[in-house]
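Q: Build me a model from this:
(one chain, ligands or ions: 2)
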Amino acid sequence: MTTKVFIDGAAGTTGLEIRERLADRSDVTLLHIPDERRKDAAARAEMLNAADAVILCLPDDAAREAVALIANPDTRVIDASTAHRTAPGWTYGFAEIEPERRAELATAKRVSNPGCYPTGFLALVRPLVRAGLLAADAPLSVNATSGYSGGGKSLIAAFEQADASDATDTAFRIYGLDLAHKHVPEMQGHAGLAHPPIFLPAVARTYRGMLVEVPVHPVWLKGSLAQVRDALVEAYRGSPVVRVDTGDHALLTLEQAAGTDRLDLFAFGNDKTGQIRLVAALDNLGKGAGGAAVQNLNLMCGLGETAGLRL
Ligand SMILES: NC(=O)C1=CN([C@@H]2O[C@H](COP(=O)(O)OP(=O)(O)OC[C@H]3O[C@@H](n4cnc5c(N)ncnc54)[C@H](OP(=O)(O)O)[C@@H]3O)[C@@H](O)[C@H]2O)C=CC1
Ligand SMILES: CC(=O)N[C@@H](CCC(=O)OP(=O)(O)O)C(=O)O
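A: Ligands and ions are numbered 1, 2, ... in the order given. Purely as a prediction, here's the structure:
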């Protein structure tokens, strides 16, 4: 018996990534809709109710619509969109972020896949808040840069097609200048912070890859750099996906973890000033989207946690 999986939005950027990770697996059967009917509500409803698990790789409104089309009480849902990441009744699908989360995912029917930027931010901040090393009322900021595939088909076209309406030849640009990015509530809520972090996103002319940085002033820290590193190492001990690198580095790159489903964490500091610079490197389409979705599918359906992942 294989697990029947339907990817709604399979032709999109994230959908294609997930298809690639599932294509060669003998424990999974992918359900398909012919391309010309992929937005037909009746065709989608049929597959959404026939599958053991569905993965929604859709814009937020279409994801909400897909959930409303499901009548089968046994269908497990993984939503890659932003629609349900802070919604009651949904399990936040970040297996490593809380000690009990992996077990919760094993029985969950509704799972929200984390956002790409929040994945890096939460992995760095949540264990430190939980350990009492970082004050929950610290005024944090998050500097982050993504490859342009993070914006899906339309941003890929803007960077790759000269005739796109919003074509750009820039190497690097900052955005989110209204300070109201959709990821902020997710970051604040799942980190357990009193204040929303100031989020400073940017996009660079490379297809995939992501760096997420959190600078921490010592006034908000209740420990040393060594204690911060120890807390991160302890939080992710034994994880095949999240790795804490305590080695020396002169620099890190946007492509650091690109092409993988890993999440690599670093903590740098200055002994004299006590300042700390936390950094996460991931692939926006890996642990930031498709890799996390496949990991969640594996956990929810009792398949090997890392099956199909690129580690
Ligand atoms: N790209 C990334 O790095 C990440 C993306 N995500 C999230 O994943 C979701 C998908 O993003 P992404 O793959 O980048 O986006 P894309 O724009 O690349 O793909 C979205 C797909 O959904 C299809 N679609 C839109 N409306 C409907 C509908 N009503 N019924 C069926 N299909 C529909 C689109 O069709 P058409 O091809 O016709 O446009 C497209 O193929 C989003 O919610 C995004 O926020 C999450 C983490 C990271
Ligand atoms: C570079 C870029 O534009 N990135 C997108 C975030 C990626 C995404 O689609 O967000 P989710 O992770 O919530 O699905 C943005 O900032 O809106």
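Q: quick one: stretch 207-218 near ligand 2?
A: No: Stretch 207-218 does not reach ligand 2 (C-beta under 6 Å from any ligand atom); its nearest approach is 8.7 Å. Placement of C-beta: from N, CA and C, glycine included.
Q: Equivalent analysis for stretch 166-179, please.
A: No: for stretch 166-179, no contact with ligand 2 is found by C-beta under 6 Å from any ligand atom; the gap never falls below 6.6 Å.
Q: what about that stretch, how long is it end to end?
A: Terminal residues of stretch 166-179 are spaced 22 Å apart (C-alpha to C-alpha, to the nearest Å).
Q: which residues sit against it?
A: 145, 154, 157-159, 161, 198-205 (C-beta atoms under 8 Å, 6 or more residues apart in numbering).
Q: Now do it: distance to the chain's middle.
A: Averaged C-alpha coordinates place stretch 166-179 at 21 Å from its chain's average position (C-alpha atoms, centre = their mean, to the nearest Å).
Q: coming back round to it: quick check: ChimeraX command selecting the buried ones in the contacts of stretch 166-179.
A: To isolate the buried members of the contacts of stretch 166-179 in ChimeraX, using 16 or more other C-beta atoms under 10 Å:
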select :145,157,158,159,199,200,201,203,204
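Q: longest helix anywhere in the protein?
A: helix 116-130 (DSSP state H).
Q: following that one, which helix or strand shows up next?
A: Next helix or strand after helix 116-130 toward the C-terminus (DSSP states H and E): strand 141-147.
Q: Helix 116-130 and that following strand, what's the angle between them?
A: Interaxial angle of strand 141-147 relative to helix 116-130 (axes from the mean of the first three to the mean of the last three C-alpha atoms, to 10 degrees): 150 degrees.
Q: What pairs with strand 141-147, parallel or antiparallel?
A: As defined by DSSP bridges, the strand partners of strand 141-147 come to strand 198-204 (parallel), strand 210-216 (antiparallel).
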